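S.K.: no sequence on this one, just coordinates:
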């Protein structure tokens, strides 16, 4: 069974004024453990699709199922809770909480899930070691480089062992070395934990690592390719 | 962790937080200083009034509404025993008051005769210090009169004044007394119409056939907080033939004046609080706008909006609490110092204070009510300011917030 199933997704913004059709009937299925990139030119609708897959937005038409749960049937509060327990997020601008240290940022989701202090500290440290940033545990985001911040963001996304991770242009603000390190790291996590990764990107280096590439143009999935990598 | 985030968020832009807290600080310090001084003076005025009339007055039923000599009563042992067995009572001062005509030579005037225990009255009101000519009451058949009355009647110390009026139960009250002294009180009305004589003389003037006639007792308590309990106890012991009137009823006009004066000050304080409210609100507004993206991240990764609401409320209250704590830390020592070392009043104002039997100082109030009420106002303003981030957090669109 697919972990993510999008059926005939339409998304229209500004329906009452000048309607913008961001998605025009997208169908896709993503299996557990996939390392998928959604690519396409700017304004093609990849971020909109990612937001819908990530439960941050709902389609104007069509349904989005996560392991059989139709996100459209969930209330706003249920949707937040669903995201907390099922989805990890890695953002282009890292979006760590600026007043928390690397360790606290990583622990934060576990605290929201009600995990005990001792347990969450243990798990957060383990994942920080895995992403090779444990030595910066007491540093706040402002004291870390872009690559280091993105590692912490990956650690935050992974620490609660979500069903899948949504990453919107995760390498857009990184230099080549940091990009390479981050992609290697995410690939390693994908292989180690069988975590499903879905990226929106225009970065060729990300595309080169992806085992599946879905191309979006004018709000439609126009190409779906798989690679042995 | 919410508490830690809220606290650290405040110091992401410390200068802005300090400005918000400073607005609270200024408003609270100024309002405390101003109200403390005002309340201190008003409390002093009320205290002087209570010192004059007593915490409670006991009359026969109906006297307070209709101050006729026919509502007088004879001081019997039951009343005395009742007062003695209540340990909260500090002092009881009997009084007898009636209206009469006073005449000297060709001049006649309507006056009030007040029978007093000279010793007790002097302890209570310091009447002997108000004598400007002659001496205080020393022996029988002597009276004290006000300077305006003396001027009107063209009478002087050592002259004899004739009193003629209605006595108890319709008899004619009359007598001739020597003017021992002339007093000056702050009230023109008292100076022109009040005559003091000792209690025994007053009782035999009003009703010479039986001793002990009184129009009432003034009861002074050890602690004013015991007023209700003592009022209830005295009322229960004396029964329905007597009325027990608290000072708040007797001095209702004074209390109205006090309330009006307080209201006037409150208007100024209100302006201070409007400034403080804008200070808090603008800080909170900036903090909220600054953290739109942080809020969006938190909600996207699964933070319930309810918890976010608590966090924003915590931040608002922390700004206010910083302002409140610092202002109390600064204002309290000043107020307590001024309470124990009040500002001395000099010149004409000091004379006026003394005439009212008030110590010529400007005391500061340190009533807990003052601190509690002003701090509560700040916290209410904080609560109102917190409504903005609360509404924002409950309504904001995560994706729109990311775009900012």
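M.R.: Here it is on my side, so go on. On a predicted model such as this, the values are computed, not experimentally measured, just so you know.

S.K.: not counting sequence-adjacent ones, nearest residue to the residue nearest to the spatial centre of chain A?
M.R.: Centroid check for chain A by C-alpha atoms, centre = their mean gives residue A:166 as the closest residue, at 1.3 Å. Counting by C-beta to C-beta, 6 or more residues apart in numbering or on different chains, the nearest residue to residue A:166 once its immediate chain neighbours are dropped is residue A:54, at 4.1 Å. Quick note: C-beta positions are derived from backbone N, CA and C, even for glycine.

S.K.: let me see the contact set for the one you found.
M.R.: Residues in contact with residue A:54, defined by C-beta atoms under 8 Å, 6 or more residues apart in numbering or on different chains, are A:83, A:87, A:89, A:166, B:300.

S.K.: among those, who's most crowded?
M.R.: Each of the contacts of residue A:54 was scored by neighbour count (other C-beta atoms under 10 Å in any protein chain shown); the top score is that of residue A:166, with 27 neighbours.

S.K.: so which strand or helix has that one?
M.R.: Applying DSSP states H and E as the criterion places residue A:166 in strand A:164-168.

S.K.: what residue in chain B comes nearest to chain A?
M.R.: Using C-beta to the nearest C-beta, residue B:302 is the residue of chain B that sits closest to chain A, at 2.5 Å.

S.K.: residues near that residue, how many?
M.R.: Residue B:302: 24 neighbours (other C-beta under 10 Å).

S.K.: now the strands for chain A?
M.R.: Secondary structure of chain A (DSSP state E): strands located at A:4-13, A:20-30, A:35-39, A:61-66, A:69-70, A:87-90, A:164-168, A:196-201, A:212-217, A:220-226.

S.K.: the fourth one: which residues count as buried?
M.R.: Within strand A:61-66, the residues that qualify as buried by neighbour count (16 or more other C-beta atoms under 10 Å in any protein chain shown) are A:62, A:64-66.

S.K.: what does chain A have sitting close to chain B?
M.R.: Taking C-beta under 8 Å from any C-beta of the partner chain as the measure of proximity, chain A contacts chain B at A:51, A:54, A:56-57, A:77, A:80-81, A:83-85, A:87-89, A:91, A:95, A:97-100, A:104, A:107-109, A:111-113, A:156.

S.K.: which residue ranges of the stretch 101-250 of chain B form helices?
M.R.: In the stretch 101-250 of chain B, the segments counted as helices under DSSP state H, counting those that start in this stretch are B:118-125, B:147-153, B:188-193, B:199-206, B:227-238, B:247-250.

S.K.: can you give the domain ranges for chain B?
M.R.: For chain B, automatic domain parsing gives the domain ranges B:2-50+B:254-403, B:62-239.

S.K.: wait, what's in contact with the residue lying closest to residue A:149 once chain neighbours are set aside?
M.R.: Leaving aside its sequence neighbours, residue A:149 sits nearest to residue A:94 (C-beta to C-beta, 6+ apart; 4.1 Å). Neighbour list for residue A:94: A:141, A:146, A:149-150, A:152-153, A:173 [criterion: C-beta under 8 Å, 6+ apart].

S.K.: same thing with residue A:76?
M.R.: Under the criterion of C-beta under 8 Å, 6+ apart, the contact list for residue A:76 is empty.

S.K.: quick one, grab the pLDDT at it.
M.R.: For residue A:76, the model assigns a pLDDT of 89.

S.K.: the closest residue to chain B within chain A: neighbour count?
M.R.: Chain B sits closest to residue A:84 of chain A, with a gap of 2.5 Å, by C-beta to the nearest C-beta. Around residue A:84 there are 18 other residues, counting by other C-beta under 10 Å.

S.K.: from the residues of chain A next to chain B, list just the buried residues.
M.R.: A:51, A:54, A:56-57, A:80-81, A:83-84, A:87-89, A:91, A:95, A:97-100, A:104, A:107-109, A:111-112, A:156.

S.K.: what strands line up against the strand holding residue A:166, and which way round?
M.R.: Taking DSSP bridges as the criterion, strand A:164-168 pairs within the sheet with strand A:87-90 (parallel), strand A:196-201 (parallel).

S.K.: give the buried residues for that strand.
M.R.: A:164-168.

S.K.: helices of chain A, residue ranges please.
M.R.: Remark: helices of chain A, listed N- to C-terminal, are A:46-53, A:76-86, A:102-112, A:117-130, A:146-158, A:176-193, A:204-209; assignment by DSSP state H.

S.K.: I'd like to know which of these is closest to residue B:319.
M.R.: The stretch from the helices of chain A with the least distance to residue B:319 (C-beta to C-beta) is helix A:102-112; that distance is 22.5 Å.

S.K.: for the record, mean pLDDT for that closest one?
M.R.: 94.
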